[in-house]
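> Below are the sequence and a predicted model for it; my questions follow.
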Amino acid sequence: MANTNYGKIMSFLKIENLSKHFDGHIVLDNLNLNIEKDEIIALIGPNGAGKTTLFNIISGFLRPDTGKILFNGKELNDLPPNKIAQLGIARTFQKVRLFHQLTVLENMLLATKFDKGERLFNTLIQDPKILEEEKENITKSLEYLDFVGLSEKRDALSENLSFGQRKLLQLSRALAFDSEMILLDEPTAGVFPETKEKIINSMQKLNENGKTIIFIEHDMELVAQLATRIIVLDHGKMIADGNHDEIINNERVLEAYFGKRKTCA
C-alpha cells in the first residue's frame, strides 16, 4: 500500500519535464511523473512508447536532453549508474546481464558492497575486518538466493542456468544492493509458469517489506494482480495514470492500443 502522506512532503522519485530524442525522433516528450514510497507500479505502453528509455535514464545509463530527475530530493541527472545504485535504485534488464563464467554465488558477491576493502592497502594485507565483511556478504548473498529460490544453485556456473533461473539470479543481484527502489524490465517475460510464480511472489514480498517497485510488463493479467497503480506511456507521453479499472476504461489508452493487440503491452 502506498504511503499517501509521503508525497505531500516530497515525492520519492520526481521526474520533471523529461525529454529524450534519438536521431530527431522523440522518445520521451516533456514527461512529468511522481512516484511515492512503497508503491508497486506497472509501466505499460505500446512498443516504442519510451518505457525502457525511461528506466535507462533513471538508472543513469542514458542522459536526458532536458528535464530533471530527483530521488529522495537528490538530483540524478549527471550521476553514473554505480552512484545511482549506491543512492538506492537498483534495476534489472530485459536482456539478462550476468557473468556467465562465474558461479551463481560469485555473481552475487560482485553485486555486494565491500566498504572495508575499497582501499588497496587493506585488500593486500587481508585485514580481519575485510575477511569478516566477506563472510557477511556471503551470508547475505545466500539469503537473497534463498529468497528467490536459487540457493541450491550457488555453485553452478550462471551459463548453465535456465533462462528463468537467470532471470531469478538477475533479480537476486538487484536485491543485493539493498535498494529502496527496484526497476524491473519485463521481469517475467519468457519464463515458465513455475518461475513466473516465484518472481511474482518475490515482488509481492519485496513490496510488503517496504521496497518501491516499478516494473515494465506485457501481461495485463499480471499487471492487474500486482500493481497498485498503472502508468501508461504512448509516444513518450504519459496518457494515463490510475488503478486497473481506470486504465482499462480510459479512452486514450483504448485508442493507443486499438488495432495493435488485444491487451496492453
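Sure, I can see it.

> Run through the stretch 1-150 of the chain and note the low-pLDDT ranges.
1-10, 113-130 (pLDDT under 70).

> Verify the stated contact: Pro187 with Leu206.
No: in this structure, Pro187 is not within contact of Leu206 by C-beta atoms under 8 Å, at 11.1 Å. Any C-beta I mention is one placed from the backbone N, CA and C, and that applies to glycine too.

> if you count what's nearby, which of these two comes out ahead?
Neighbours per residue (other C-beta atoms under 10 Å) separate Pro187 from Leu206, with Pro187 holding more: 26 against 20.

> Identify the residues contacting that one.
Shown in contact with Pro187 (C-beta atoms under 8 Å, 6 or more residues apart in numbering): Thr92, Lys167, Leu171, Ile199, Met203, Phe215, Glu217.

> Spatially, which two of the residues you listed are the most separated?
Farthest apart among these by C-beta to C-beta are Leu171 and Glu217. That separation is 13.9 Å.

> Validate this expectation: Asp78 resides in a strand.
No: assigned with DSSP: H, G, I helix; E, B strand; the rest coil, Asp78 falls outside any strand and is coil.

> May I have the phi/psi pair for it?
phi -100, psi 10 (degrees, to the nearest 10).

> I figured Glu16 hits Glu75, correct?
No: in this structure Glu16 lies outside contact range of Glu75 using C-beta under 8 Å: 10.0 Å.

> Which one's more surrounded, these two?
Higher neighbour count among Glu16 and Glu75: Glu16, with 16 against 12, using other C-beta under 10 Å.

> Need the phi and psi values for the most centrally placed residue in the chain.
What sits nearest the mean C-alpha location of the chain, by C-alpha atoms, centre = their mean, is Leu183, with 1.4 Å. Taking degrees, to the nearest 10, you get phi -100, psi 120 for the backbone angles of Leu183.

> Check what pLDDT it gets.
Note for Leu183: predicted pLDDT of 97.

> What of Leu168?
94.

> Offset the numbering so it begins at 19, please.
Yes, from this point I'll number from 19; that puts the last item at Leu186.

> Look up the closest residue to it, ignoring the ones flanking it.
Leaving aside its sequence neighbours, Leu186 sits nearest to Val166 (C-beta to C-beta, 6 or more residues apart in numbering; 4.4 Å).

> So that neighbour sits against Ile218, correct?
No: the criterion here is C-beta under 8 Å, and Val166 misses it with Ile218 at 11.5 Å.

> Show me which of those two is the more surrounded one.
Counted by other C-beta under 10 Å, Val166 and Ile218 do not tie: Val166 has more neighbours, with 22 against 15.

> so how far is Thr213 from the more buried one?
Computed as C-beta to C-beta, to the nearest Å, the Val166 to Thr213 distance reads 10 Å.

> Residues that sit against both of these two, list them.
In contact with both Val166 and Thr213: Leu186, using C-beta under 8 Å, 6+ apart.
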